[in-house]
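*Asks:* Kindly return the folded structure for what I paste below:
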Amino acid sequence: MDLKRLENENEEQYLWRIGNAKDKGLIDIGWDEIADIMNREFRADESEYRTEASYRKPYQQAKRFADAGVFCNMTEDSYLRELRFLRQDVQKEKQKLFDERVALNKTLREQSRIDSMYDMVKRAIDDYKPIRFEYFPNNHGDSNNDLIIHLTDLHCGVNIKSPLNEFNAEILSGRLKKYLNEIRDICEIHYPESAYVILGGDMIQGLIHTNARIESKENVVLQIMTVSDLISNFVFELSKMFKGVEVHTTAGNHSRAVASKEEAAHGENFDLLIPYVCKKDLKNVENVVFIDNYLDSDIATFSVRGHMVYATHGDKDTAANVVYHMTQFARRTGLPLPDLCYLGHRHCNGLTTVDGVKVIESGCVDGSDTYAIEKRLLNSPEQTVTVVTKNHRIKALYDIQLD
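*Replies:* Numbers count the residues shown, from 1 in each chain. Got it, this is the predicted structure:
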């Protein structure tokens with residue numbers, strides 16, 4: 001038998017051919033000699049030479065499978081198909097490992113970001129100096145109505161100075177005081193009993209637009225602390241005007257924790273931190289209560305004088321479709337159907353009736369910023385206050401101008 005290696009014959013094929021020849025008595029050599037032949041044919045460096053066991057044992061194992069008939073019924077097509085299946089399994093395992101590595105890296109990045117944010121919050125607390133907020137309201141009387149006070153789109157942290165508008169933290173404080181004056185005037189007309197405050201989202205400017213991202217992460221923390229301080233004072237002053245103040249929250253788009261909408265995790269929104277801070281500030285004010293959302297972090301639901309109210313920020317809903325969306329949620333969860341729906345986001349007061357449901361939109365507190373001006377969206381700072389009685393979902397709707 002010719003022991004010369006055949007053209008294109010690999011090491012395993014050559015070993016199988018020689019081993020078979022030995023078993024069939026075609027060659028009379030031992031495994032030590034076979035090892036010498038294999039080493040010379042496939043290894044140029046003697047330091048890489050293998051022992052006879054390195055060739056004998058793999059051959060004997062392969063022969064055991066062959067004698068057991070593992071390969072005898074496998075045609076070339078089925079063999080190739082089996083190889084493809086094996087390769088696919090290997091690819092699946094590699095992809096699973098890759099996905100697990102990506103998920104782990106994402107978790108580590110998020111944890112690092114959270115740890116960094118905690119450190120910045122601590123530094124900001126140490127350095128923060130609260131804005132003085134002094135207000136002296138009149139006493140309230142008894143009546144058969146309540147107020148829904150919509151406080152949305154404050155955009156605390158944006159600094160605007162243009163011929164069209166000027167806005168900063170001090171001006172924000174002043175506009176909130178003017179809002180309180182307007183509410184006090186409404187109280188002198190209607191003598192409401194309770195107030196339902198909707199924190200409608202976008203309480204801070206955040207970092208979702210390019211011009212907003214110029215500000216540092218420390219500034220976002222400062223925005224959270226500043227607006228929480230102002231809203232705490234605002235709600236505290238309301239507590240002096242009403243027998244009870246109930247506060248509800250929706251999350252806006254400006255306040256998400258990352259700029260990219262696609263990368264933002266659901267519920268990861270700085271607006272949700274604000275009532276948490278305010279609740280601590282007002283924990284000793286007995287007639288103020290903060291209500292957690294039942295449906296979702298960005299949907300507030302509550303009842304006023306028997307009328308069901310749904311509130312969202314408005315970036316995921318419009319005046320045309322919010323009634324349909326909230327009705328679907330109500331039917332799935334067993335909540336009452338909506339009588340009133342509140343939206344912000346579009347920076348403009350408005351009232352629409354959709355399928356018999358009143359949709360109230362409230363504007364913003366900051367007014368036209370750089371982004372709005374670039375988009376040719378001019379607006380004035382404005383909010384809404386709704387007077388609700390048992391017989392009237394909207395006894396009166398006040399268009400509150402804050403400039």
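*Asks:* Model confidence at Asn269, what's the number?
*Replies:* Note on Asn269: pLDDT of 75.
*Asks:* wait, Ile114
*Replies:* pLDDT at Ile114 comes out at 61.
*Asks:* now Thr301
*Replies:* pLDDT, Thr301: 97.
*Asks:* With the one 5 residues further on instead?
*Replies:* pLDDT, Gly306: 97.
*Asks:* okay, now it: neighbour count?
*Replies:* 12 (other Cβ atoms under 10 Å). (Glycine included, C-beta is placed from N, CA and C.)
*Asks:* Now the phi/psi pair for it, please.
*Replies:* Main-chain torsions, Gly306, degrees, to the nearest 10: phi 90, psi 0.
*Asks:* what ranges do the strands span in the stretch 301-403 of the chain?
*Replies:* 307-312, 340-343, 350-354, 357-361, 382-389, 396-401 (DSSP state E, counting those that start in this stretch).
*Asks:* nearest to Leu222, of those strands?
*Replies:* strand 382-389 (23.7 Å; Cβ to Cβ).
*Asks:* Can you show me the strands along the stretch 1-150 of the chain?
*Replies:* 145-151.
*Asks:* Could you list the low-pLDDT ranges of it?
*Replies:* For the stretch 1-150 of the chain, the stretches with pLDDT under 70 are 1-2, 71-83, 85-87, 90, 110-111, 113-122, 125-126, 131-132, 135-142.
*Asks:* Going along the chain, name the helices of it.
*Replies:* For the stretch 1-150 of the chain, the helices defined by DSSP state H, counting those that start in this stretch cover 11-23, 31-42, 53-67, 76-127.
*Asks:* Off-centre distance for stretch 387-396?
*Replies:* On the basis of Cα atoms, centre = their mean, to the nearest Å, stretch 387-396 sits 36 Å off its chain's mean C-alpha point.
*Asks:* what about it, how long is it end to end?
*Replies:* Start and end residues of stretch 387-396 are separated by 5 Å (Cα to Cα, to the nearest Å).
*Asks:* go on, stretch 360-377?
*Replies:* First-to-last residue span, stretch 360-377, Cα to Cα: 20 Å.
*Asks:* With stretch 289-308 instead?
*Replies:* Using Cα to Cα, the gap from the first to the last residue of stretch 289-308 comes to 18 Å.
*Asks:* Can you list the low-confidence ranges for the stretch 151-300 of the chain?
*Replies:* 207-218, 255-268.
*Asks:* ok, now with 90
*Replies:* 157-165, 201, 203-225, 252-274, 276-277, 280, 297 (pLDDT under 90).
*Asks:* quick one, strands of it?
*Replies:* Counting by DSSP E, counting those that start in this stretch, the strands of the stretch 151-300 of the chain are 160-161, 166-167, 194-199, 244-249, 288-290, 299-304.
*Asks:* chain center to the first one, what's the gap?
*Replies:* Mean-position distance between strand 160-161 and its chain equals 30 Å (Cα atoms, centre = their mean).
*Asks:* Spell out which strands sit alongside it in the sheet and which way each one runs.
*Replies:* strand 166-167 (antiparallel) (DSSP bridges).
*Asks:* ok, Asn159 touching Ile171?
*Replies:* No. Asn159 lies out of contact with Ile171 (Cβ atoms under 8 Å); the separation is 9.6 Å.
*Asks:* who has more neighbours, these two?
*Replies:* Ile171 (19 against 14).
*Asks:* closest one to Ser303 among the helices of the stretch 1-150 of the chain?
*Replies:* helix 76-127 (35.3 Å).
*Asks:* In stretch 31-39, which residues are buried?
*Replies:* Residues of stretch 31-39 classed as buried by neighbour count (16 or more other Cβ atoms under 10 Å): Trp31, Ile34, Ala35, Ile37, Met38, Asn39.
*Asks:* Nearest to Gln91 among those?
*Replies:* For these, the nearest to Gln91 is Met38 (32.2 Å; Cβ to Cβ).
*Asks:* Give me the neighbour count for Glu11.
*Replies:* Residues near Glu11, counting by other Cβ under 10 Å: 14.
*Asks:* residue contacts, it?
*Replies:* Met38, Glu41, Phe42 (Cβ atoms under 8 Å, 6 or more residues apart in numbering).
*Asks:* same check, this time on Arg56
*Replies:* So Arg56 contacts Trp31, Ile34, Ala35 (Cβ under 8 Å, 6+ apart).
*Asks:* hmm, back to that, and the strands of the stretch 301-403 of the chain as CSV, adding distance to Asn253 and mean neighbour count?
*Replies:* Shown next, in CSV, are the strands of the stretch 301-403 of the chain (distance: least, Cβ to Cβ, whole Å; neighbours: other Cβ atoms under 10 Å):
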stretch, distance to Asn253, mean neighbour count
strand 307-312, 11, 25
strand 340-343, 13, 24
strand 350-354, 19, 14
strand 357-361, 16, 22
strand 382-389, 19, 23
strand 396-401, 23, 16
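*Asks:* For the ones you listed, give me CSV that also has distance to Val70.
*Replies:* Output for the strands of the stretch 301-403 of the chain, formatted as CSV (distance: least, Cβ to Cβ, whole Å):
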stretch, distance to Val70
strand 307-312, 64
strand 340-343, 70
strand 350-354, 71
strand 357-361, 72
strand 382-389, 79
strand 396-401, 83
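*Asks:* Which among those is found nearest to Val277?
*Replies:* strand 307-312 (20.2 Å).
*Asks:* For that closest one, enumerate its sheet partners and note whether each is parallel or antiparallel.
*Replies:* Strand 307-312 is paired, per DSSP bridges, with strand 299-304 (antiparallel), strand 340-343 (parallel).
*Asks:* That strand vs strand 382-389, what angle?
*Replies:* Here the directions of strand 307-312 and strand 382-389 differ by 160 degrees (axes from the mean of the first three to the mean of the last three Cα atoms, to 10 degrees).
*Asks:* now the angle between strand 145-151 and strand 307-312, please.
*Replies:* 0 degrees.
*Asks:* I'm done for today, thanks for sticking with me.
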